[in-house]
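S.K.: Sequence plus the predicted model coming up.
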Amino acid sequence: MADMTSDEKRLLKRRMKSAARLYAVQALFQMEAMGQGVDRVRAEFEDHRFGMEIEEGTLSEGDTGTFRKVLDGAVDHQAKIDQMTDRALVARWPLGRIDPTLRAVFRAAGAELVAAETPPKVVITEYVEVARAFFPEGKEAGFVNGVLDHMAHEARPDGF
């Protein structure tokens, strides 16, 4: 990293934060699906998933700080985030009827919106890309964009 230009360092940091967001969504999904606690899942991801070798190549390194903030924020503020998500969804689509992966996306993004450290437009853009990673062929990215836009206007109206 010492040989990198400042632009290359910024780009690497941005990629690591994006990877951390994707990992946080996976971790939240795993916690719900397997009934596992945050400490166990956090350790598994940080110790084994970040940079893991798989058949297709090597997984990205994630920014540990971003991963922990998103994961902890989603757990600590889950009720508030789920209520915001419910209000953003059409009445006939309660959060419980949403695909578990999308629920994890909304919770991770909600954690960043509640924390108010990252600009809302960045949060929306990042998690729409996460949705595209999980649903490359579907309309889920547009759905995520609409829900997150509503959530962001509620949580951070001053951010627009």
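M.R.: It's in. Because the structure is predicted, anything quoted here is derived from the model rather than measured.
S.K.: So which residues of the chain form helices?
M.R.: Along the chain, the segments classed as helices by DSSP state H run 6-34, 38-44, 64-76, 78-88, 100-115, 120-134, 140-155.
S.K.: Point to the helix or strand of the protein where mean pLDDT is at its lowest.
M.R.: Using mean pLDDT, DSSP states H and E, strand 57-58 stands out as the lowest-scoring helix or strand of the chain, at a mean of 50.
S.K.: you'd agree T64 is up against A19?
M.R.: No. Using CB atoms under 8 Å, T64 makes no contact with A19, being 10.7 Å away. Placement of C-beta: from N, CA and C, glycine included.
S.K.: the more surrounded of these two?
M.R.: Just comparing T64 and A19: by other CB atoms under 10 Å the higher neighbour count belongs to A19, 20 against 15.
S.K.: Model confidence for that one, exactly?
M.R.: Listed pLDDT for A19 reads 89.
S.K.: For it, give me its contacts.
M.R.: Applying CB atoms under 8 Å, 6 or more residues apart in numbering to A19 gives the contacts 50, 59-63.
S.K.: Quick one: low-confidence residue ranges for the chain.
M.R.: Within the chain, the ranges that satisfy pLDDT under 70 run 1-2, 52-59, 91-92, 94-96.
S.K.: Repeat the analysis, applying 90 as the threshold.
M.R.: Applying pLDDT under 90 to the chain flags residues 1-16, 19, 46-63, 86-99, 116, 136-140, 157-160.
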